[in-house]
Every structure is written in C-alpha cells, then in structure tokens.
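fold the following.
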Amino acid sequence: MPRLLTIILLFFCVTTAQAQKWEFGVLAGGSGYMGDLNQRNPLQVSGVAAGLFARYNFSGYAAARLSITKAQIEGADSTSRFKQQRDRNLSFFTPLTEVALIGELNFMKYLPGAGYNSFTPYIFLGLASANYNPQANYNGQSYELRPLRTEQQRVPYKNSTLAVPFGAGVKYNILGKLSLTGEVGYRTAYTDRLDDVSGLYASKSSFANPIARALSDRSGERNGIYIGDAGTQRGDTRKHDTYMFFQISLSYTFLSQNCYY
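I've put the predicted structure just below:
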C-alpha cells in the first residue's frame, strides 16, 4: 500500500507540474507588409490580425508557441510619396492565414505563477506556413489576381508559402494565471507574390481576359497615359516579400500546486 501511494503521488506531481507549463490565449493587433508596393517602411500597418495560440514553457527562459493567425495586408501606389510608384498606380489586398511554430527565449527567468520575475523581454524565431490570396478592386468589384496571371506567368503561382517569423516582445504576468504580451514580429516569406507583383510587364496583346489586361497595367487610369511597356520592370528586384504582426495577447496558465513529496 505505501508503495502504491508513492507511485500515485509521483504521478500526480508530474502531471500537475506539466500543467503549470501550458498557456492558452488569444491575440489581436495590426498587420503590415513590405514588398513591391511598400519598399521602405517596416512599421506601416495596413490591416488587422487576430488569432489563437498555445505556449509550452520548457523552463523560465525557454518556451515554444503554436499559433494560428488570420490577417489582411494591403498596399497602394497611390499613397506613396514617390512619384514613380504613384505613376505605376497598382494596388492590392491579401487575406492570409498563418500557422506558426515559434521558439521564444526570455531574457529573465519567467514562468507565470511560479514566483519568478513578473516581467521579461524576449526574442523569438520560428517557422510558419501561410495561405494567401491577393485581390484588387476595379470598377467597384473585387477580383482575385492569382488566376488572372497579370504578368502572364505560364501557370498561376502557389497560394501558400513557407515563412520565417522573427522578432521581439515583452511578457507581463498580470495575475497568477493571466499574462499580457506585446510583440512585434516579422515574417520573411518565400514568395514574391503576396502583392501579385514581381517581374515584368506583359504585352497587352497577350491577354485574352480584358480584366487581366486592365489589372496588369493600371498606370493610365488617372490620365490615360500607360507606362507599362512590355518587358519593362513592374516589380522590384527583391525575391521575398515580408509581412508583419504588431500584436497584444492575453494568455491563461494552468497553474498547479508545488509538489513537495
């Protein structure tokens, strides 16, 4: 009987200790993008983001987070301070869904409810998969750009990509079970098509679809002068677009009593 009781107590200690390491939460904030339509401003917010996550605290210094986030990013040449971009006059909006696995490194020993520091800065790095769908408004309607092949690609590009999330944030334990986190995170995407813009202008005569032809070169919509000659540069020379989240999250930690057996 004492041996059985010992086994039960040890099992209880292990399971409750593990419970204290799990956090579940919600996140919300702004989203942004850097690419062919925003080449210089890494802090430009163009949409909103929201999601759910689970965090496992390996120790007071290391944690891993699994998250799913839905967001929208946007861009428009018409808002640029550079005349060359305003003359190009392209625009887009892209709903995207990201699933990410991220490792976090705390600068200070931090574990909610464990009596350590209630505050710590942290950095993170991970791997993500993002589904995206670039669209544009034209004559009062929205059109999906990928199937239109606006640069006359031989086949439509993929609507999903791998991305590398990285960034930094601050964690604060509000109460024993509740924690608040503020974070700035960037994602280097392994695609140059988040905005549907990448390469060269195609010949207007190569388009059978009039909507695709119109959305391939929108430079003349204001003054009737079209600058998108076939073979000239439509996008920039960068191979990867970037998207980012500026978010605040609230998490609940499953606390347990310390085991002294």
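
can you give me the strands for the protein?
When assigned using DSSP state E, the strands of the chain occupy the ranges 22-34, 45-57, 62-76, 91-106, 119-132, 135-138, 141-144, 160-173, 178-189, 242-253.

now mean pLDDT, mean neighbour count and distance to residue 82 too, for those strands, in TSV please.
(Glycine included, C-beta is placed from N, CA and C.) What follows is the strands of the chain, written out as TSV (pLDDT from 0 to 100; neighbours: other Cβ atoms under 10 Å; distance: least, Cβ to Cβ, whole Å):
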stretch	mean pLDDT	mean neighbour count	distance to residue 82
strand 22-34	97	20	15
strand 45-57	97	18	17
strand 62-76	97	20	13
strand 91-106	98	20	15
strand 119-132	98	17	25
strand 135-138	97	17	20
strand 141-144	98	12	26
strand 160-173	97	18	27
strand 178-189	97	19	22
strand 242-253	96	21	19
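
those strands into TSV, with extra columns for distance to residue 152?
Output for the strands of the chain, formatted as TSV (distance: least, Cβ to Cβ, whole Å):
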stretch	distance to residue 152
strand 22-34	24
strand 45-57	27
strand 62-76	21
strand 91-106	18
strand 119-132	20
strand 135-138	17
strand 141-144	16
strand 160-173	21
strand 178-189	23
strand 242-253	25
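
out of the ones you listed, flag the one nearest residue 215.
With respect to residue 215, and counting by Cβ to Cβ, the nearest of the strands of the chain is strand 135-138 at 5.7 Å.

got the contact list for the closest one?
90-95, 142-145, 196, 211, 214-215 (Cβ atoms under 8 Å, 6 or more residues apart in numbering).

columns distance to residue 81 on top of the residues you listed, output as TSV?
Listed next are these as TSV, based on distance: Cβ to Cβ, whole Å:
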residue	distance to residue 81
90	16
91	16
92	19
93	21
94	22
95	27
142	27
143	27
144	29
145	25
196	22
211	30
214	26
215	24
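
looking at those, which two lie furthest apart in space?
Longest span within the contacts of strand 135-138, Cβ to Cβ: 95 and 214, 22.1 Å.

quick revisit: which among the contacts of strand 135-138 gets closest to residue 163?
For the contacts of strand 135-138, the nearest to residue 163 is residue 94 (13.2 Å; Cβ to Cβ).

on that earlier part again, quick one: closest of the strands of the chain to residue 83.
That would be, of those and by Cβ to Cβ, strand 62-76, which comes in at 14.7 Å.

in its sheet, what does that closest one sit against?
strand 45-57 (antiparallel), strand 91-106 (antiparallel) (DSSP bridges).

what's the angle between it and strand 242-253?
Interaxial angle, strand 62-76 versus strand 242-253 (axes from the mean of the first three to the mean of the last three Cα atoms, to 10 degrees): 140 degrees.

quick one: strand 62-76 to chain centroid distance?
3 Å (Cα atoms, centre = their mean, to the nearest Å).

try stretch 71-79
15 Å.

re earlier: could you dump the strands paired with strand 62-76 to TSV with distance to residue 116?
Formatted as TSV, the strands paired with strand 62-76 follow (distance: least, Cβ to Cβ, whole Å):
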stretch	distance to residue 116
strand 45-57	11
strand 91-106	9
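
please identify which of the ones you listed is closest to residue 254.
strand 45-57 (10.7 Å).

angle of the closest one against strand 160-173?
Going by the same axes, to 10 degrees, strand 45-57 makes 70 degrees with strand 160-173.

run the chain-centre distance for strand 45-57.
8 Å.

and if you look at stretch 225-238?
28 Å.

from one end of it to the other, what's the distance?
Start-to-end span of stretch 225-238 (Cα to Cα, to the nearest Å) is 27 Å.

what's the burial count for the closest residue to residue 204 other than its chain neighbours?
Spatially, and ignoring its direct neighbours in sequence, residue 204 is nearest to residue 213 (5.7 Å; Cβ to Cβ, 6 or more residues apart in numbering). Residue 213: 17 surrounding residues under other Cβ atoms under 10 Å.

brilliant, that's me finished.
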